[in-house]
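**Student:** How does the following fold in three dimensions:
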Amino acid sequence: MNESDELSEMENLAQSVADRLMLNLNLNLASGSPQSRPSANSSIDRLTQGTLRVAGVEFTQSTQFNGSSGASYGPDNGVPLVAYKTLVTRVYPSVQPGLLGDTLTGKRVTGQLTLSIGDRVIYQTGPTRSIGARVGPAAKIDRSAWDQELTVSLPGRNSVALKPLIANCTLNFLIPAYFCKPGRIYASVILWPVEDGPSSSHTARTAQYLQFLNVEAPKVCLVRVNWVDSKGNVTSPTDASMLGTTALASRMLPFPYFETTILGIEVTSRSPFAQLPAQAGGCNTSWQKLIADLNVTRIFTALFGLGDIVFGMVPQAAIPAGTTRLNAGCGSGAGGGFVGYNPTFAHEIGHLYECSHVAVAGDSSSDPLYPNYGGSKTSIGEVGIDTGTSPPTLYDPAVSDDIMSYGNNQWISPYTYQNILNRRSLHKSTPIDPHRLRPVLVLDFRVYREVQGVRHASVRRALRLDAAGPAPTPPPRGVSPISLDLLDANNRILATHHCTWAATHGMGKCGCGCAGADVPLEREPWLDFQEVVEWPAEEVRSVAFHRGAEPFHRIEVGEAPVVSVEGPELNHADLVLSIKTSHPREAVSVLVLLTSDDGGTWLPVALDPPNGQVKIPIDRLPGGDHCFFRAIATAELQSASADSGHFRLPQKRQKLILCLPNPDCPVHDGAVTLTAHIDARGLGGVHPKEVRWVSNLDGELGFGFVLNTQLSPGRHELTVTADLGHGNGISERGIIIVGG
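**Tutor:** Numbers count the residues shown, from 1 in each chain. As a prediction, this is how the structure comes out:
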């Protein structure tokens, strides 16, 4: 039998089967069976055209929620969903061929997603691709593409007919963060062929309940680092660049947003931050010094209720031209990194939530439990997604490395995402009662390596004050090599404080050649400590440093310094304050605070100001009717304070900064990503559900810090408002031109 005879026999057989099925259907219809009537045409279509099905659905905010349509590497892939975080639903339509063939493959399908609570629909949307997606067999699904398709014509068996090969058949639905409310929400999806419409007999449905966790936003305090080059030029990062550096982490990590405050405290440095560290996974001495200073600042932000995550922002001017391998950031307790190195900020935040490095060569502290996702030891294992770009960026696990690695194409894995989510309470800030003060000693000191049986310490800064907040969380994996005994006049121990030290963790952009070795604790030239010591009573006469044996260093309580405050004076847009201190034997440590509510709450604005001069832009201060500065000076473990006169500043609210496409570069297709940043200024965070976007052409666009939207052609005047409650709010305006 030749090929044509074989085809003819198969066609005859198929026709015979169809005739018998049609006869049976006609008999059933004639008998009036109610079960058969609605399904007659549908059954015929399934036999002749195939069935539209949903091969899988994925609900993703950063990394995949489940892997129902592709490979799964274990339970670490089932990460929870977080409330008020943008959600992407990826639906994979497919075709199950009918008995007589398949006429659906290659057709376009579209659909609708509905979110509801009980009987109430809270949101409905179509797919992000208006023309739909071509449907094909489940085996051709490509999870690493977004709204893209590849149709290749291949020769048929007779080398005449052309057969389409569909390489992607995904429909994507974008759900704004505003609609992802805490609790349980019912999500349903219906799909249909574009040419048939929603009343088609070829529909596919899927539905399930989604549970959104109510995760508290971390409080993050940013410190501006002013960098001075060899010619004396000073470069300072802008507010917008600092806040923008945190945006990627807020989308990637399991938090709805960051409550971010740009502090008045600043650091000026000439240090070579970019130089490579001495050991793998570590930090160079420039970062180590900055981190030590930031850990002191972190103490005060915690004690005054601003939060205990402090991050220093260094301008990229500190990176020498042509540098390709550098120490991009560092963290231990506090963190620091270059402005615009957004993955570095996310990496250091990961360290603050006790995540170790992933497969960093030569770093023995790399996480030994990190799963091998069937390929690279640094792979993210699942498809990652960044909802802050338009269109969203997908991260293919075959070429993407975990954010805690030193890889180049970095995103977060389900393993790291879940670990941070599990430890979210590490930096949970609780409201403080400013009237419940307690005395504390803030001690910043260095202990040097023992040489010929002698060990000594130097105190760089000591401050005694009253505060209401808790001490910040000690760095993860810390050790306690030093203890402090608080002694009375008879050398009796009133209390013992155990100090904590932890190695710094670097963020490298090293490529190859980063190998090194960890330095044992006893081989470090010195160890730096920043401690909050509860001050038990006025009977304390000395503080002794020891390692469990006899003290090797002692500080005696002596004479308090003299301190005075002059000002503030208005100098253009700055407030200038002069702090004068004196002490007969010891350098004086100074902390400068500002209150705008007559002492109810305090904001640290300067620490050991050079030459006692404090200069602060008024725009960075919250303002109020009852403002004054307080300078707290300490020497020989005794403190004194002085206040400025009372003054009034214009009331300032949280600062709203927009990040929009350049109006000089028109958006041609109208698809844009709108971003807003908030500087909390110590006045409390702004929830994304309170950030509202309105266009003069398209009306209300939506809510949230990041909004992916489609604008109509024309010149859009955007108004963004943030509701602060009690009738108060802030707003900003911007312009976007669509279509030229």
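
**Student:** all helices for the protein, in order.
**Tutor:** 3-31, 40-49, 239-252, 285-303, 342-352, 414-422 (DSSP state H).

**Student:** rank those by pLDDT, which is bottom?
**Tutor:** Mean pLDDT is lowest for helix 3-31 among the helices of the chain, at a mean of 37.

**Student:** List the residues that contact Leu303.
**Tutor:** 440, 465, 467-471, 532 (CB atoms under 8 Å, 6 or more residues apart in numbering). Any C-beta I mention is one placed from the backbone N, CA and C, and that applies to glycine too.

**Student:** Can you show me the strands along the stretch 151-300 of the chain?
**Tutor:** 151-155, 162-166, 171-175, 183-193, 204-213, 219-228, 234-235, 259-269 (DSSP state E, counting those that start in this stretch).

**Student:** what about those, which gets the closest to Pro666?
**Tutor:** strand 171-175 (23.1 Å; CB to CB).

**Student:** mean confidence score for the closest one?
**Tutor:** Mean per-residue pLDDT for strand 171-175: 92.

**Student:** closest one to Ile632 among the strands of the stretch 151-300 of the chain?
**Tutor:** With CB to CB as the measure, strand 259-269 is the member of those nearest Ile632 (14.0 Å).

**Student:** show me what contacts the residue lying closest to Tyr395 once chain neighbours are set aside?
**Tutor:** Nearest non-adjacent residue to Tyr395, counting by CB to CB, 6 or more residues apart in numbering: Gly384, 3.6 Å away. Listed by CB under 8 Å, 6+ apart, the contact partners of Gly384 are 62-64, 394-395, 397, 400, 411-413.

**Student:** Mind checking which of these land in strands?
**Tutor:** Among the contacts of Gly384, DSSP state E puts 394-395, 411 in strands.

**Student:** Now list the buried members of the residues you listed.
**Tutor:** 394-395, 411 (16 or more other CB atoms under 10 Å).

**Student:** Ile291 contacts Cys283, correct?
**Tutor:** Yes: counting by CB atoms under 8 Å, Ile291 touches Cys283, with 7.1 Å between them.

**Student:** which residues do those two both contact?
**Tutor:** Residues touching both Ile291 and Cys283 (CB under 8 Å, 6+ apart) are 330, 504.

**Student:** any idea how far the closest residue to Val543 other than its chain neighbours lies from Tyr178?
**Tutor:** Of all residues not flanking Val543 in the chain, Ile555 sits nearest, at 4.7 Å (CB to CB, 6+ apart). When CB to CB, to the nearest Å is applied, the distance between Ile555 and Tyr178 equals 54 Å.

**Student:** same thing with Pro198?
**Tutor:** From Pro198 across to Tyr178, the span is 26 Å (CB to CB).

**Student:** Pull up the gap between the nearest residue to His498 once chain neighbours are set aside and Thr500, please.
**Tutor:** Excluding the flanking residues, the one nearest His498 by CB to CB, 6+ apart is Ser480, at 4.5 Å. In this view, Ser480 and Thr500 are 6 Å apart by CB to CB.

**Student:** Looking at the two, which is more packed in?
**Tutor:** Using other CB atoms under 10 Å, the more surrounded residue of Ser480 and Thr500 is Thr500, with 17 against 12.

**Student:** Is it correct that the more buried one is in contact with Gly478?
**Tutor:** Yes: here Thr500 reaches Gly478: they are 4.0 Å apart, a contact under CB under 8 Å.

**Student:** one step back: so what sits opposite the residue nearest to Tyr395 in the bridge?
**Tutor:** Thr63, Tyr395 (DSSP bridges).

**Student:** follow-up on the earlier one: compare Pro198 and Tyr178 (neighbour count), which wins?
**Tutor:** Using other CB under 10 Å, the more surrounded residue of Pro198 and Tyr178 is Tyr178, with 20 against 12.

**Student:** Contact partners for the more buried one?
**Tutor:** 84, 688-689, 702-704.

**Student:** quick one: which of those residues sit in strands?
**Tutor:** Counting by DSSP E, the part of the contacts of Tyr178 found in strands is 702-703.

**Student:** buried subset of the contacts of Tyr178?
**Tutor:** Buried residues within these, counting neighbours by 16+ other CB under 10 Å: 84, 688-689, 702-704.

**Student:** Pick out the most distant pair among those.
**Tutor:** Going by CB to CB, the pair spanning the buried ones among the contacts of Tyr178 furthest: Tyr84 and Gly702, at 12.9 Å.

**Student:** So Pro198 sits against Ile190, correct?
**Tutor:** Yes: the pair Pro198 / Ile190 is scored as a contact, 7.2 Å apart, by CB under 8 Å.

**Student:** Quickly list what's touching both of these two.
**Tutor:** What both Pro198 and Ile190 touch, as defined by CB under 8 Å, 6+ apart, is the set Gln112.

**Student:** Sketch out the low-pLDDT regions of the stretch 451-600 of the chain for me.
**Tutor:** 507-521 (pLDDT under 70).

**Student:** which residues of it fall in strands?
**Tutor:** Secondary structure of the stretch 451-600 of the chain (DSSP E, counting those that start in this stretch): strands located at 457-467, 483-487, 493-498, 505-509, 526-534, 542-546, 553-556, 562-571, 574-582, 589-595.

**Student:** Among those strands, show me which one is buried the most.
**Tutor:** Counting by mean count of other CB atoms under 10 Å, strand 505-509 has the highest mean neighbour count of these, with a mean of 28.

**Student:** Buried residues, stretch 676-687. List them.
**Tutor:** 676-683, 685-687.

**Student:** what's the spacing between Ala133 and Thr285?
**Tutor:** 54 Å.

**Student:** Between those two, which is the more surrounded one?
**Tutor:** Each of Ala133 and Thr285 has its neighbours counted (other CB under 10 Å); Ala133 has more, 26 against 13.

**Student:** so the more buried one bridges to which residues?
**Tutor:** With DSSP bridges as the rule, Ala133 is bridged to Val109.

**Student:** isn't it right next to Tyr92, touching?
**Tutor:** No: contact criterion CB under 8 Å: Ala133 and Tyr92 do not qualify, at 9.4 Å.

**Student:** circling back: list the residues that contact the residue nearest to His498.
**Tutor:** Contact partners of Ser480, counting by CB under 8 Å, 6+ apart, are 498-501.

**Student:** Which residue is the nearest non-sequential neighbour of Gly657?
**Tutor:** Quick fix: residue 657 is Ile, not Gly. Leaving out its chain neighbours, Ile657 is closest to His677 (CB to CB, 6+ apart), at 4.4 Å.
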